[in-house]
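no sequence for this one, just the structure:
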């Protein structure tokens with residue numbers, strides 16, 4: 001699998017469809033695929049940048065428990081919906097989306113950049129260089145704009161990545 005991540009904004013009917021799949025990983029991915037193709041009111045693709053973005057917003061590691069809220073909820077810190085090994089699906093309520101959007105709106109990039117330069121390339125799985133940092137900050141800008149739109153509309157969000 002490619003480990004390419006994306007976010008979907010979810011209106012109330014979409015949230016109901018998603019949450020109705022509780023415990024049904026296969027049904028969850030089917031609903032997400034359908035929403036992504038036709039019904040999601042907004043989306044944001046972040047390719048593989050999700051990994052570095054999460055690490056730089058938290059403590060440099062992967063995991064929903066790392067860092068502090070609301071920045072740890074940007075990517076992995078929401079409610080985990082997929083229980084198996086094939087995907088990571090992290091859900092944020094509309095209230096959480098507003099809090100994440102507010103935190104991203106005032107994010108000081110200096111600590112983000114400083115944390116980037118301390119990442120262990122072996123753990124991160126990529127070279128630590130200026131090109132990768134530019135890739136992360138560009139995707140972070142798009143993600144920030146996505147969260148602003150979702151917060152303004154009152155939508156929930158879901159982050160999805162295959163493993």
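Now that the structure is in, tell me what you want to look at. Not measured: the values here are computed from a predicted model.

so what's the residue count around residue 2?
Counted with other C-beta atoms under 10 Å, the burial measure for residue 2 works out to 9 neighbours. C-beta here means a position set from N, CA and C on the backbone, and glycine is covered the same way.

sorry, wrong one. I was asking about residue 116.
Residues contacting residue 116 under the criterion other C-beta under 10 Å number 21.

element containing it?
Assigned by DSSP states H and E, residue 116 falls within helix 109-118.

again, but for residue 34
Taking DSSP H and E as the criterion, the element that holds residue 34 is helix 25-34.

got the contact list for that helix?
The contact list for helix 25-34 (C-beta atoms under 8 Å, 6 or more residues apart in numbering) reads 8, 17-18, 20-21, 81-84, 86-87, 89, 158, 160.

at 10 Å what do you get?
When contacts are taken as C-beta atoms under 10 Å, 6 or more residues apart in numbering, the neighbours of helix 25-34 outside the stretch itself are 6, 8, 10, 14, 17-22, 24, 39-40, 81-87, 89, 158, 160, 162.

which residue is nearest the centroid of the protein?
Among the residues of the chain, residue 75 comes closest to the average C-alpha position under C-alpha atoms, centre = their mean, at 2.8 Å.

for that residue, helix, strand, or coil?
Following DSSP: H, G, I helix; E, B strand; the rest coil, we place residue 75 in the coil state.

for it, which non-adjacent residue is spatially closest?
On the basis of C-beta to C-beta, 6 or more residues apart in numbering, the spatially nearest residue to residue 75 that is not a chain neighbour turns out to be residue 54, at 4.0 Å.

neighbours of residue 112, how many?
By the criterion of other C-beta under 10 Å, residue 112 has 19 neighbours.

and the residue nearest to the centre of the chain, how far from residue 139?
11 Å (C-beta to C-beta, to the nearest Å).

likewise for residue 102?
Relative to residue 139, residue 102 is positioned 20 Å away (criterion: C-beta to C-beta).

these two: who's more crowded?
Set residue 102 next to residue 139 and count neighbours by other C-beta under 10 Å: residue 139 wins out with 20 against 14.

the nearest residue to that one once chain neighbours are set aside: what's it in contact with?
What sits nearest to residue 139 in space, not counting adjacent residues and going by C-beta to C-beta, 6+ apart, is residue 49, at 3.6 Å. Remark: with contacts taken as C-beta under 10 Å, 6+ apart, residue 49 is in contact with 4-5, 75, 132, 135-140, 142-143.

no more questions from me, cheers.
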